[in-house]
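*Asks:* Prediction below, plus the sequence it came from.
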Amino acid sequence: MIPYGRQDISQDDIDAVVEVLQSDWLTQGPKVPAFEQALCDYSGAKFAVAVNSATSALHIACLALGVGPGDRVWTSPITFVASANCALYCGAQVDFVDVNPETGNMSPEALRAKLIEAKRQGTLPKVVIPVHLCGHSCDMAAIAALGDEYGFKIIEDAAHAIGSRHDGHILGSCHYSDITVFSFHPVKVITSAEGGMAMTNCADIEAKLVAYRSHGIVKGPNEMVRPDEGGWYYEQHELGFNYRMTDLHAALGLSQLSRLDHFVAERNRLAVIYDSKLSDLPLTPVDPIPGSESARHLYMIRLHQIERRREIFDTLRAKGIQVHVHYFPVHLQPYYLERGFKEGDFVHAEAFYQQILTLPLYPTLTASDQQRVIDELATCLA
């Protein structure tokens, strides 16, 4: 089987994890802050908070921005369910913003129209979560300008997008947002096996993220409410969670980070080959917007013969090619249908979903395997 995504583990990665296994610290040791600092150095953000998954990072990002009952959070319907669920964990209401029909990313025009109506009704969002689908940046300059105009905070769901750039800024720098979240799941651009990171430039937000990831506990002398009783003393100030990343995971992530630029370059090289060799077929690649550079977590196409997608999907899977579909619209999931959403609510997202197919893309995809994907797809579309 040719998978749609695959981790690339080197001997250096293995050695980094073994070093931790042989050390005194399996968790809450020096590798987590080292990974955090390395990602700050890479992205230009001031602070990074490592956690056990991007879902956890999204959850505490919402909490750090004060999301709670009575608040509204908007995100994209074309994403994994975690992008929406994180707000529900906080007791907030979730709504969606329709996508650009060519990119599948949140449409600034649809966002503006929805904000105008929400302002009239008194239902403006507290937080908007744009999702960088495939690693392709949303139009963050436009979304940030709307944030300034309408007063909402921004969490970038960059689970696909470590190593991407927009308008000259590395995603993760938080140039256009309050918090940016990365994922290090094995199919992502780099992996820590499981893990996530929340980036921010605000010290107050960073302090809240750190507390929420570890039971709401603080230990700093200046943070205490009661008199400090000694070196053993700590206080719980919030209802936090056990979302910490271990040193094992951080060591793997830190080692992988050293190859991030190589991974991104290889993914883009393979994408160029796909673009060239698929150009005569009845399909359209989902491309990054002008002025951005994608980390190319996914190579996604839009089929022109949408009525044949299931047939094409099943045929390629039967031939050992693990194509995929990213994603079924969140608002049409049964759980969200029960919350009042329905078919037809976000027509561009629903139409985009009907067209899309994800092809295998990862740095170690061989020339022969990529050619096999191209040939088999061409045969299906003939």
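*Replies:* Perfect, thanks for sending it.
*Asks:* Now name the helix or strand holding the closest residue to Glu36 other than its chain neighbours.
*Replies:* Counting by C-beta to C-beta, 6 or more residues apart in numbering, the nearest residue to Glu36 once its immediate chain neighbours are dropped is Ala48, at 4.0 Å. All C-beta atoms are positioned from the backbone trio N, CA, C, and that covers glycine. Using DSSP states H and E, Ala48 falls within strand 47-51.
*Asks:* I'd assumed Ala118 was in a helix, is it?
*Replies:* Yes - assignment of Ala118 by DSSP: H, G, I helix; E, B strand; the rest coil places it within a helix.
*Asks:* and the gap between it and Gly68?
*Replies:* 18 Å (C-beta to C-beta, to the nearest Å).
*Asks:* When these two are compared, which one has more neighbours?
*Replies:* Counted by other C-beta atoms under 10 Å, Ala118 and Gly68 do not tie: Ala118 has more neighbours, with 17 against 13.
*Asks:* My understanding was that the more buried one contacts Leu124; is that so?
*Replies:* Yes - using C-beta atoms under 8 Å, Ala118 is in contact with Leu124, at 4.8 Å.
*Asks:* Can you pull the residues that touch both of these two?
*Replies:* Arg72 (C-beta atoms under 8 Å, 6 or more residues apart in numbering).
*Asks:* Break the protein down into its domains, please.
*Replies:* 11-257, 260-381 (automatic domain parsing).
*Asks:* In JSON lines: the ones you listed, plus mean pLDDT and distance to Tyr4.
*Replies:* Shown next, in JSON lines, are the domains of the chain (pLDDT from 0 to 100; distance: least, C-beta to C-beta, whole Å):
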{"stretch": "domain 11-257", "mean pLDDT": "97", "distance to Tyr4": "7"}
{"stretch": "domain 260-381", "mean pLDDT": "98", "distance to Tyr4": "5"}
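*Asks:* These: which one's closest to Pro3?
*Replies:* domain 260-381 (4.8 Å; C-beta to C-beta).
*Asks:* end-to-end on the closest one?
*Replies:* 35 Å (C-alpha to C-alpha, to the nearest Å).
*Asks:* just stretch 337-345 next, same as before
*Replies:* For stretch 337-345, the end-to-end distance is 11 Å (C-alpha to C-alpha).
*Asks:* for it, which positions count as buried?
*Replies:* 341, 345 (16 or more other C-beta atoms under 10 Å).
*Asks:* hmm, who's touching it?
*Replies:* Contacts for stretch 337-345 (C-beta under 8 Å, 6+ apart): 94, 96, 331-332, 350.
*Asks:* With stretch 356-371 instead?
*Replies:* Looking at what lies outside stretch 356-371 - C-beta under 8 Å, 6+ apart - the contacts are 2-8, 104, 187, 262-263, 266-267, 270-271, 273-274, 277, 286, 296-303, 309, 312-313, 321-326, 373, 377.
*Asks:* And the strands in the stretch 201-350 of the chain?
*Replies:* For the stretch 201-350 of the chain, applying DSSP state E, counting those that start in this stretch gives strands covering 217-218, 235-236, 283-285, 292-293, 299-303.
*Asks:* Those strands: which one's closest to Leu257?
*Replies:* With C-beta to C-beta as the yardstick, what comes closest out of the strands of the stretch 201-350 of the chain is strand 292-293 (17.7 Å).
*Asks:* Check the offset of that closest one from the chain's centre.
*Replies:* 16 Å (C-alpha atoms, centre = their mean, to the nearest Å).
*Asks:* what about the helices in this structure?
*Replies:* Here the chain has its helices, by DSSP state H, at 11-21, 31-43, 54-64, 82-89, 108-121, 140-150, 203-213, 247-257, 260-277, 309-318, 334-337, 347-355, 367-381.
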